[in-house]
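Participant: Sequence first, predicted model second:
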Amino acid sequence: QVTLVESGGGLVQAGDSLRLSCTASGRTFRNYAMGWFRQAPGKGREFVAAISYNGRTTVFADSVKGRVTMSRVDASNTGFLEMNDVNPEDSAVYYCAARAPGGATPVDTDYSYRYWGQGTQVTVSS
């Protein structure tokens, strides 16, 4: 079992940068690919970014490509999502997720992830 806890959300202004963290506990964190998804009110869950188990491969949604970086520090069981030049369309609840054992590659489908955090709210004011 893996427990994920997100942090770093809040109210930011358009054009600002934000950094979300995802801290894992439970099984060995380094064995899992991680992903970030978001869900805005009235919309479905949307893929944002994902990183491989070893941090060497990242995948980004077209909607955030060029504005987002994703990294992980296995020593602290923490993954990070950094987003620059945010805009109101980035407002959503952001969830981190981890794949099941054996899921080492980053993918953009939510059904590929077994473990999910509770989410952190990001609100971007214009």
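Facilitator: Thanks, I have the structure now. Numbering: from 1, shown residues only.
Participant: Show me what the strand or helix carrying G35 is in contact with.
Facilitator: Using DSSP states H and E, G35 sits within strand 34-39. For strand 34-39, contacts defined as Cβ atoms under 8 Å, 6 or more residues apart in numbering pick out 20, 22, 45-51, 70, 72, 79, 81, 90, 92-99, 106-108, 110, 112-113, 119, 122. Just so you know, the C-beta spots here come from the backbone N, C-alpha and C atoms, and that holds for glycine as well.
Participant: what about I51, neighbour count?
Facilitator: Residues near I51, counting by other Cβ atoms under 10 Å, number 25.
Participant: any idea how far E6 is from it?
Facilitator: Separation of I51 from E6 (Cβ to Cβ, to the nearest Å) stands at 15 Å.
Participant: Which strands border the strand holding G35, and is each parallel or antiparallel?
Facilitator: strand 46-51 (antiparallel), strand 92-99 (antiparallel) (DSSP bridges).
Participant: How about the residue nearest the centre of the chain: what's its closest non-neighbour residue?
Facilitator: Geometric centre of the chain, nearest residue: W36, 2.3 Å, by Cα atoms, centre = their mean. In this structure, W36 finds its nearest non-sequential neighbour in V48, 4.3 Å apart by Cβ to Cβ, 6 or more residues apart in numbering.
Participant: What of G26?
Facilitator: V2 (4.2 Å).
Participant: wait, what's in contact with the one you found?
Facilitator: A24, S25, G26, R27, F29, Y32, A98, R114, Y115 are the contacts of V2 under Cβ under 8 Å, 6+ apart.
Participant: repeat that for 6 Å
Facilitator: A24, G26, R27, A98, Y115 (Cβ atoms under 6 Å, 6 or more residues apart in numbering).
Participant: which among those gets closest to R56?
Facilitator: A98 (16.9 Å; Cβ to Cβ).
Participant: picking that back up, count the neighbours of the residue nearest to W36 for me.
Facilitator: Residues within reach of V48, counting by other Cβ under 10 Å, total 25.
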